[in-house]
Structure formats: C-alpha cells, structure tokens
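Enquirer: heads up, no residue letters with this:
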Ligand code: FES
Ligand SMILES: [Fe+2]
C-alpha cells in the first residue's frame, strides 16, 4: 500500500533518519529512537496526535449501562463526557460546559445517574441528548438556546468496549479495527461481565508495555507460571494483511491445560461460540494505541493503558466472564486473575528496567529477533505515525 500523510498531523520531534531505521524490512530494522521513550516533547506530541486525535478505548459499555448514566474520562490532556440518553444511545461530548468551560463531571469517577446534566459552576443544565435546557438569568426570548448544546464527539460501542475520537476527524472506526471482527466476534465480549480488575502504575513508557505484549521471546526467562500452562514458542502472529490499526497473534495451551490459570484448571466453561482449535488457543490482540485484549477460551482479559508521562503509565487490567458462569454458585474469578497478576507484575518489572536502560544517554536502539515480528508491526505503526503517516503495521514476510 502507499503510505498516506494524514492532513494536519505534524511530524514528531524525532530524527527522520532514525525513524527510517525502524521502518526498514523485518530482520534489518531497529527499535524506535530512545527519545521516543524518554522525551517530554515526544510525549506531548503523542498526547496531541495519538491520544487526542484518533480512536481511543475508554472503557466498557457495562460501566454506563442505563439511561441517565453519566461519566467523564481523561483522554490525552482533556476530558470526554459520556452519557446515555432515554432511548439508550450512548453519546460522547467534550467535558466542557458551553458557558465558561467548567468540567461537567470530574474525570475518572464511577458513573452517576441523573435525569439531566447540571454544570456545577453556574448551573447551566443540559438534556440527555446534550442540548441546552436552562440557563439561570438568561431570557429565553432573547437568548438562542439551540446554539449552545454540548460539543458531541464520535463514539462507538464495539463488542462491549467504548471507543471515542476526541478530535472528531479520525477515519471511520471500521477501518481502525479492519480484519478483527472474525477473531473477536466468536467470544461475544459484548455479553460478558467484568468480575475483577487491578490497577497498576508502571514506571515505563506506554509503548514499552505494548512491545512487551507483542512477544513471548521473554517468557521462558521471566514467566515460569505462564510457561507451565502455555508453551512460549507456540502459536504465531497474524501476518497483518489488513489495514486495521492493530497487532495480534495467538498461543496454544499445553496439553491437559484448560485455560491460563496457575494449575491450568478453569473455574468457568468454554465460551459457547468457540469451535475446534479456538477452544485451545489464547488470542492476544493490541488495538492501537491503548487497549490489549486477551481472549481466552473461558474469559477475556483487557489491559487499558493511560499514559501519565514519558516514563509512567496507568494500567487497568480487568477480567470478564460469561453471565451463566458468574451465576453458578461459588463462582470465583481468581483462577484467571491470579496467574495474570503474577505475570503482569513480572512484565512491569521488566518494562521498568527497559525504561531505566533506555534512559541512559548511551542507550542505542537494538534489533528484533525472528520471534519479535509483533514488536516490528507495532514499532512500524508508531514510526509511521511519527512521520505524519497513517497508522498501519509493517508487513512481515512469512517464509
Ligand atoms: S461554566 Fe458551566 S454554568 Fe458556568
Ligand atoms: Fe510477559
């Protein structure tokens, strides 16, 4: 395909020659320049151009299920206000009152349920569709209420996750997840219920966690519990013929292992939509730039990444299960959570060490092994974005 420059996207403050090394063919390329992981200027560029412009996952539909539910979430440096109207339609708006810009709700709190939206500053109020309802002290005869509705942003509910485009001018969402439907749909993530989550703050750049997720080259070294249930050399990555902004692959469970848990036993049942090999696989899918979706035969784990700075990232890891499993007496989600909490912490220690290593002025970007084709795909997506181009993974030739 021809790489297109995205109109209006400025190139990142990075050396284009160093970036061209990241875009060399697989086997000859280098990791991103070290400043990509350490520079305040690059981080600010990413906030403007990747997180505040483009499709970002901001959570689960189940967090805001009912008419009147309202919630605000940080996206980049700003906030997005979510609200479900009386007909059940989810809408996203800039989290800024049309009067003098006060936030409608503080970001990061659980949803509240209210019949209208009331700004906490001067009590302008809005209907659940975002239109202005009342402005204390203004005459409705002389003031054009219709001109001051909340600023709506594109939003999508996709398999139980909420995605927003805070810029309002990203390409259609379907192109962002092109090629993923057939992988994700059999798990029916939209009907699953989150039964556990962990919050982590990791002293590492958000891209290091993405890169770590894309390879199991490290698994034999740092993940003994993981390797007991899934062989690190098993499976493969998708060669990525599609143009979606994602990277992924699958791994196999070892014989006699039912799922990813400390003893390989499942505390749930195999999802009803899975057939054949799907029942023995775990799919690992990273949708650019901030959500990692791990599809197990019996549960779905999600990592949602929020960058806090060039060397700090907030991660929410959550586990969702089928309603019929949760309804069983004595259901306990810890069978899936415990293995992954151990594995997560092992990964975060490695990622923090990479961050410290890359912070050395003498650190030089290294090559990728043949097992790191997923890392190559992610790195090429980022490098293209840095050059102002479309976020598309570099093709890995399969021999
Ligand atoms: S800023 Fe919201 S009512 Fe004044
Ligand atoms: Fe790992």
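Expert: Now that the structure is in, tell me what you want to look at. Just so we're clear, the structure is a prediction, and the values are computed from it rather than from any experiment. Numbering: from 1, shown residues only. Ligands and ions are numbered 1, 2, ... in the order given.
Enquirer: so the closest residue to residue 299 other than its chain neighbours: helix, strand or coil?
Expert: Residue nearest to residue 299 in three dimensions, not counting chain neighbours: residue 336, with 4.7 Å by C-beta to C-beta, 6 or more residues apart in numbering. For glycine as for every other residue, the C-beta is placed from the backbone atoms N, C-alpha and C. Under DSSP: H, G, I helix; E, B strand; the rest coil, residue 336 falls in the helix class.
Enquirer: what is the neighbour count of residue 336?
Expert: Counted with other C-beta atoms under 10 Å, the neighbours of residue 336 add up to 27.
Enquirer: with residue 29 instead?
Expert: Residue 29 has 20 nearby residues by other C-beta under 10 Å.
Enquirer: OK, contacts around it?
Expert: Contact partners of residue 29, counting by C-beta atoms under 8 Å, 6 or more residues apart in numbering, are 21, 22, 23, 367, 368, 376, 379, 380, 394.
Enquirer: check the gap between it and residue 68 for me.
Expert: Going from residue 29 to residue 68 by C-beta to C-beta, to the nearest Å gives 51 Å.
Enquirer: just the strands from the stretch 151-300 of the chain, written as ranges.
Expert: Along the stretch 151-300 of the chain, the stretches classed as strands by DSSP state E, counting those that start in this stretch are 152-153, 155-158, 161-165, 193-202, 236-237, 246-252, 281-287, 291-295, 300-309.
Enquirer: how about JSON lines for those strands, with distance to residue 259 added?
Expert: Below are the strands of the stretch 151-300 of the chain laid out as JSON lines (distance: least, C-beta to C-beta, whole Å):
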{"stretch": "strand 152-153", "distance to residue 259": "38"}
{"stretch": "strand 155-158", "distance to residue 259": "25"}
{"stretch": "strand 161-165", "distance to residue 259": "22"}
{"stretch": "strand 193-202", "distance to residue 259": "15"}
{"stretch": "strand 236-237", "distance to residue 259": "20"}
{"stretch": "strand 246-252", "distance to residue 259": "12"}
{"stretch": "strand 281-287", "distance to residue 259": "8"}
{"stretch": "strand 291-295", "distance to residue 259": "11"}
{"stretch": "strand 300-309", "distance to residue 259": "11"}
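Enquirer: who does residue 79 bridge with?
Expert: Beta-bridge partners for residue 79, by DSSP bridges, are residue 74.
Enquirer: mind listing what it touches?
Expert: 72, 73, 94, 95, 96, 103, 107 are the contacts of residue 79 under C-beta under 8 Å, 6+ apart.
Enquirer: span of stretch 250-259 from start to end?
Expert: Using C-alpha to C-alpha, to the nearest Å, one end of stretch 250-259 lies 13 Å from the other.
Enquirer: what does it contact?
Expert: Under C-beta under 8 Å, 6+ apart, the answer for stretch 250-259 is 216, 228-232, 234-236, 260, 264-266, 268, 280-284, 296-299, 335-336.
Enquirer: would you mind checking those for buried ones?
Expert: For the contacts of stretch 250-259, a neighbour count by 16 or more other C-beta atoms under 10 Å gives the buried set as 216, 228-232, 235, 260, 264, 266, 268, 280-284, 296-299, 335-336.
Enquirer: so, low pLDDT: which residues of the stretch 1-150 of the chain?
Expert: Within the stretch 1-150 of the chain, the segments meeting pLDDT under 70 span 1-8.
Enquirer: ok, 50 please
Expert: Applying pLDDT under 50 to the stretch 1-150 of the chain flags the ranges 1-2.
Enquirer: gap between the residue most central in space within the chain and residue 82?
Expert: A centroid search over the chain (C-alpha atoms, centre = their mean) returns residue 291, at 1.7 Å, as the residue closest to the centre. To residue 82, residue 291 is 16 Å away according to C-beta to C-beta.
Enquirer: can I get the strands of the stretch 151-300 of the chain in JSON lines with mean pLDDT?
Expert: Converted to JSON lines, the strands of the stretch 151-300 of the chain look like this (pLDDT from 0 to 100):
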{"stretch": "strand 152-153", "mean pLDDT": "97"}
{"stretch": "strand 155-158", "mean pLDDT": "98"}
{"stretch": "strand 161-165", "mean pLDDT": "98"}
{"stretch": "strand 193-202", "mean pLDDT": "98"}
{"stretch": "strand 236-237", "mean pLDDT": "92"}
{"stretch": "strand 246-252", "mean pLDDT": "96"}
{"stretch": "strand 281-287", "mean pLDDT": "97"}
{"stretch": "strand 291-295", "mean pLDDT": "98"}
{"stretch": "strand 300-309", "mean pLDDT": "98"}
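Enquirer: quick one: which of those is nearest ligand 1?
Expert: Set against ligand 1 and scored by C-beta to the nearest ligand atom, the strands of the stretch 151-300 of the chain come closest in strand 152-153, at 17.1 Å.
Enquirer: which residues does that closest one contact?
Expert: Applying C-beta under 8 Å, 6+ apart, the external contacts of strand 152-153 come out as 80, 91, 92, 93, 94, 130, 164, 165, 166, 168.
Enquirer: which of those residues are buried, as a ChimeraX select command?
Expert: Per 16+ other C-beta under 10 Å, the buried members of the contacts of strand 152-153 correspond to this ChimeraX selection:
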select :80,91,92,93,94,130,164,165,166
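Enquirer: redo the contacts of strand 152-153 as JSON lines? Include distance to ligand 1.
Expert: Shown next, in JSON lines, are these (distance: C-beta to the nearest ligand atom, whole Å):
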{"residue": "80", "distance to ligand 1": "17"}
{"residue": "91", "distance to ligand 1": "18"}
{"residue": "92", "distance to ligand 1": "18"}
{"residue": "93", "distance to ligand 1": "13"}
{"residue": "94", "distance to ligand 1": "13"}
{"residue": "130", "distance to ligand 1": "14"}
{"residue": "164", "distance to ligand 1": "21"}
{"residue": "165", "distance to ligand 1": "24"}
{"residue": "166", "distance to ligand 1": "20"}
{"residue": "168", "distance to ligand 1": "21"}
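Enquirer: which one of the contacts of strand 152-153 sits closest to residue 42?
Expert: Nearest to residue 42 among the contacts of strand 152-153 is residue 166, at 19.3 Å by C-beta to C-beta.
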